[in-house]
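1. let's see this in three dimensions:
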Amino acid sequence: METVFDQSLLLARKRRALRQGDTKATFLLDIAAQELAERLGVTERRFDEALELHGATGIAARLALATGKIGHLSRIENETGFAEPGETIIEAPLEELPLAAESVNLVLSPLSLHLTNDTPGVFIQIRRALKADGLFLAAIPGLGTLQELRDVLLATEIELTGGASPRVIPFADVRDVGGLLQRAGFTLPVIDAETYTVRYDNLFALMRDLRAMGMTNPLADRSRKPLSRAFFLRAAELYAERYSDADGRIRATFSIIYVSGWTPHESQQKPLRPGSAKARLADALKVEEHKLKQ
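-> Residues are numbered from 1 along each chain as shown. Predicted coordinates for the structure are as follows:
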């Protein structure tokens, strides 16, 4: 398994973000949690046992419970420090699900699956933990997220040093995520993406938010060479030149892929077998058939 993300660094930054407690920096998680709750709310099912995976603040769990669709909900986090006062959580690394097979009916994953070194393996673990006709709901940052920042940092490094190293993590596109869902054995998949544009006074305000979210560069092969103040000043200039509005504020794009998939069950709709149709397409469309002359 290739190590793309430094998991110890990710945890350290997540701890720091938790200690800072900047409520303004949780806006993206709040948006994703609200969207997941809305999608859960219109599902005509009740889920006796639910699980939230690495939701950090627990907002996705709280909003999901508020829908009235859940009997009992547990949370998994890297460590117990992410628990609310009086709350008991399951402690486990990002890439491990310490759950028995077919033990839950619903798994919620808000904004964490883009940081695993083995995302296909995590999808399979989720699939195994779900009972038959169980639901997997996830929000995953996708392709297009921080595209402006990626462009500006790359351009600045090439201009000042003549080379470049990865500064923004890679993000999957909708087709990649859909393929992972099907490979893991989920049925009735639904995948779509929403794009959110956030405006900041300047690059430094954006970077402050990213640090407060724990979203700064966690790549294992990142450059260890410190960046100078001159680097960031030039990057801020380029950002303002390329991605600012008429009022001078800059734009930052966040794209979130929303995913739902079910574990197989005999009650679910299945496609018809080839040749099993009871009506001809021509009859359904009310068109005449014309035989080719031999």
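2. in the stretch 1-150 of the chain, which segments are predicted with low confidence?
-> 1 (pLDDT under 70).
3. with the stretch 151-294 of the chain instead?
-> Counting by pLDDT under 70, the stretch 151-294 of the chain contains low-confidence ranges at 269-294.
4. hey, where'd the helices end up in it?
-> If you assign secondary structure with DSSP state H, counting those that start in this stretch, the helices in the stretch 151-294 of the chain sit at 174-183, 203-213, 229-243, 281-285.
5. for the ones you listed, give me TSV that also has mean neighbour count.
-> Placement of C-beta: from N, CA and C, glycine included. Formatted as TSV, those follow (neighbours: other Cβ atoms under 10 Å):
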stretch	mean neighbour count
helix 174-183	17
helix 203-213	18
helix 229-243	16
helix 281-285	9
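6. between those helices, which gets nearest to Ile59?
-> Comparison of the helices of the stretch 151-294 of the chain against Ile59 by Cβ to Cβ identifies helix 203-213 as nearest, at 13.3 Å.
7. name the nearest residue to the spatially most central residue of the chain, sequence neighbours excluded.
-> In the chain, the C-alpha closest to the average C-alpha coordinate belongs to Ile140, at a distance of 1.1 Å (Cα atoms, centre = their mean). Using Cβ to Cβ, 6 or more residues apart in numbering and skipping the chain neighbours, the partner closest in space to Ile140 is Ile257 (4.7 Å).
8. what's opposite the one you found in the beta bridge?
-> Using DSSP bridges, the beta-bridge partners of Ile257 come out as Ile140, Ala193.
9. that one: how many residues sit nearby?
-> For Ile257, the count of nearby residues is 25 (other Cβ atoms under 10 Å).
10. quick one, what contacts it?
-> Residues touching Ile257, when contacts are defined by Cβ atoms under 8 Å, 6 or more residues apart in numbering, comprise 139-142, 172, 174, 177, 191-193.
11. rerun that using 7 Å as the cut-off
-> Residues counted as contacts of Ile257 (Cβ atoms under 7 Å, 6 or more residues apart in numbering) are 140, 142, 174, 177, 191, 193.
12. good, we can wrap up now.
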